[in-house]
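1. My questions are about this predicted structure, shown below with the sequence.
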There are 2 protein chains.
Amino acid sequence: MSTKNKILDAAEVLFSDKGFNGTSLREITSQAEVNLAAVNYHFGSKKELIKAVMSRYMNELSPRLESALGALCTDEASPTLNDVFSAFIDPLLYLNTFKDNGTSIFLQLLGRGYTDSQGFLRWFLTTQYPGVFTNFTNAVHKAYPELTAEEMFWRLHFTMGTIVFTMSSSDALIDIALNDFERQVDIAGVIRQVIPYVALWCSSAYHQISACHEV
Amino acid sequence: MSTKNKILDAAEVLFSDKGFNGTSLREITSQAEVNLAAVNYHFGSKKELIKAVMSRYMNELSPRLESALGALCTDEASPTLNDVFSAFIDPLLYLNTFKDNGTSIFLQLLGRGYTDSQGFLRWFLTTQYPGVFTNFTNAVHKAYPELTAEEMFWRLHFTMGTIVFTMSSSDALIDIALNDFERQVDIAGVIRQVIPYVALWCSSAYHQISACHEV
DNA sequence: GTCTATAACTAGATAGAC
DNA sequence: GTCTATCTAGTTATAGAC
């Protein structure tokens, strides 16, 4: 196994666990059992290493997401919002076969990227992988033409918040479930809990409640 | 205005904006226009300063939350889950009168505390302010006796995730709304968007969807 | 209580031998 | 490509004059 990959493997776990700011290059290289200077030799800087960690996942994820969402757009029949939402599941779970715990590591990294580094990762994703966003937007529009782009943006973001925050604190959640409820859950169990929760934004109940709160 | 308060005021804004790890004592003291050594003189350490920042908010919030939730428990009539959820709104909005932007600063700090520092703040809150959690649990149990403590825990956490993540990235959201939709929103506008979304977990639709996803 | 000066340490990055 | 040694700049924290 190459030095480059040893660094990437150690980095993604530490980054997802302690954040980008909270992880030093020294921790990464000693975990990876490589020399400190190797990071700068292979990646140039810590920032480039972060990008490389994210790219390794995005390069697996984005073609699968793009085609799953694209298929919904080219279908004759209109998809439901539930179809759009479900299109994310297989590509995300594929990351688990690509790498142990890949799905949860990736989602945690995504969460870190939003909160840790003041939007640099958000910029990176939207500019480097725009196809995913376009196809998603188109699929939702086809599923639900009345929904404005703005409404979609808000709901998508809230959904992402739930998932990303849940995955970021999944260790704490698994702890609490074990200590307070004597319930042994794993990452997959957490995902099973969160899916019905986020599936709500596809539901009609949302519109009733939303209407009640308008001013 | 005392040095201590100048430090607290500068610290809470920087912490909420850049995280606890991402903010140095030098940034805080130069923003507050006090000497670097003042932090350690008045608070002892950075960790104690973080606790003090959170305490200032929690000391305002917790008695109000405790009594609002406690009232629901002692009422003759059973509250609805919606009542329980609504009990949070006034105490949280009170933070805005206590301090400019207090509500959103506090919620952002809460989010930072979950993700930045690996659970130390979660520990601090649950051990220092247990009354809020007990009263919340009791109120929900009275509103909805069939709901197990475990189910409640999951839903509460997902709801918190949505709110906390939304508030943490509220600057990015306000930016996007302006640039992509030419819509001028402020923090209050973001809150108005998120309320109907999180109100869903009180709704009956949740149970239908939840049942569909059981295996 | 407030300041200067500095200790003690950690960070990311690099030069240069091998 | 990999290593040691080191640089520069940043961090928290403290000692001691005022």
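-> Done, it's in.

2. Now do the helices in chain A.
-> Secondary structure of chain A, counting by DSSP state H: helices at A:3-18, A:25-32, A:37-43, A:46-74, A:81-86, A:89-98, A:102-115, A:120-128, A:130-143, A:149-168, A:170-181, A:187-198, A:205-212.

3. Could you tell me which residues within the second one count as buried?
-> Right, helix A:25-32. Buried residues in helix A:25-32, counted by 16 or more other Cβ atoms under 10 Å in any protein chain shown: A:25, A:28-29, A:31-32. C-beta here means a position set from N, CA and C on the backbone, and glycine is covered the same way.

4. which one is the most centrally placed residue in chain A nearest to, not counting chain neighbours?
-> A centroid search over chain A (Cα atoms, centre = their mean) returns A:L107, at 3.4 Å, as the residue closest to the centre. The shortest distance from A:L107 to any residue other than its chain neighbours is 3.9 Å, reached at A:M167 (Cβ to Cβ, 6 or more residues apart in numbering or on different chains).

5. do A:M58 as well
-> A:Y129 (5.6 Å).

6. hang on, the earlier thing: show me what contacts the residue nearest to A:L107?
-> Contact analysis of A:M167 by Cβ atoms under 8 Å, 6 or more residues apart in numbering or on different chains lists A:104, A:107-108, A:110-111, A:190.

7. contact partners of stretch A:106-117?
-> With Cβ under 8 Å, 6+ apart as the test, stretch A:106-117 has contacts from A:12, A:15-17, A:19-21, A:50, A:53-54, A:57, A:61, A:92, A:95, A:120-122, A:124-125, A:160, A:163-165, A:167-168, A:170, B:19, B:22, B:111-112, B:115-116, B:165, B:168-169, B:172.

8. average pLDDT for it?
-> Mean pLDDT, computed over stretch A:106-117, is 82.

9. Equivalent analysis for stretch A:197-215, please.
-> Stretch A:197-215 comes out at a mean pLDDT of 66.

10. so what's A:A71 scoring on pLDDT?
-> Taking A:A71 on its own, its pLDDT is 94.

11. Leaving out the residues flanking it, which one is nearest to it?
-> Distances taken as Cβ to Cβ, 6+ apart place A:A87 nearest to A:A71, at 8.0 Å, with adjacent residues excluded.

12. picking that back up, A:R64 is in contact with the residue nearest to A:M58, correct?
-> No - at 12.0 Å, A:Y129 and A:R64 do not qualify as touching, with contact defined as Cβ atoms under 8 Å.

13. sorry, back to before: which one of the helices of chain A lies nearest to B:V194?
-> helix A:149-168 (6.2 Å; Cβ to Cβ).

14. what mean pLDDT does that closest one have?
-> Rounded mean pLDDT across helix A:149-168 is 84.

15. Report the buried residues of it.
-> For helix A:149-168, burial by neighbour count (16+ other Cβ under 10 Å) applies to A:150, A:152-168.

16. same thing with stretch A:32-45?
-> A:32, A:34, A:38-39, A:42-43.

17. chain center to that stretch, what's the gap?
-> Distance of stretch A:32-45 from the chain centroid (Cα atoms, centre = their mean, to the nearest Å) equals 26 Å.

18. start to end distance for it?
-> Using Cα to Cα, to the nearest Å, the end-to-end distance of stretch A:32-45 comes to 17 Å.

19. Does DNA strand D have contacts with it?
-> Yes - residues of stretch A:32-45 contacting DNA strand D under Cβ under 7 Å from any atom of the strand: A:34-38, A:41-42.

20. Which residues does that stretch contact?
-> With Cβ under 8 Å, 6+ apart as the test, stretch A:32-45 has contacts from A:3-4, A:6-7, A:9-11, A:25-26, A:28-29, A:46, A:49, A:52.

21. Could you export these as TSV, including distance to B:G70 and pLDDT?
-> Below are those laid out as TSV (distance: Cβ to Cβ, whole Å; pLDDT from 0 to 100):
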residue	distance to B:G70	pLDDT
A:T3	59	98
A:K4	58	98
A:K6	55	98
A:I7	53	98
A:D9	50	98
A:A10	49	98
A:A11	48	98
A:L25	50	98
A:R26	50	98
A:I28	48	98
A:T29	53	98
A:K46	49	97
A:L49	50	98
A:A52	52	97
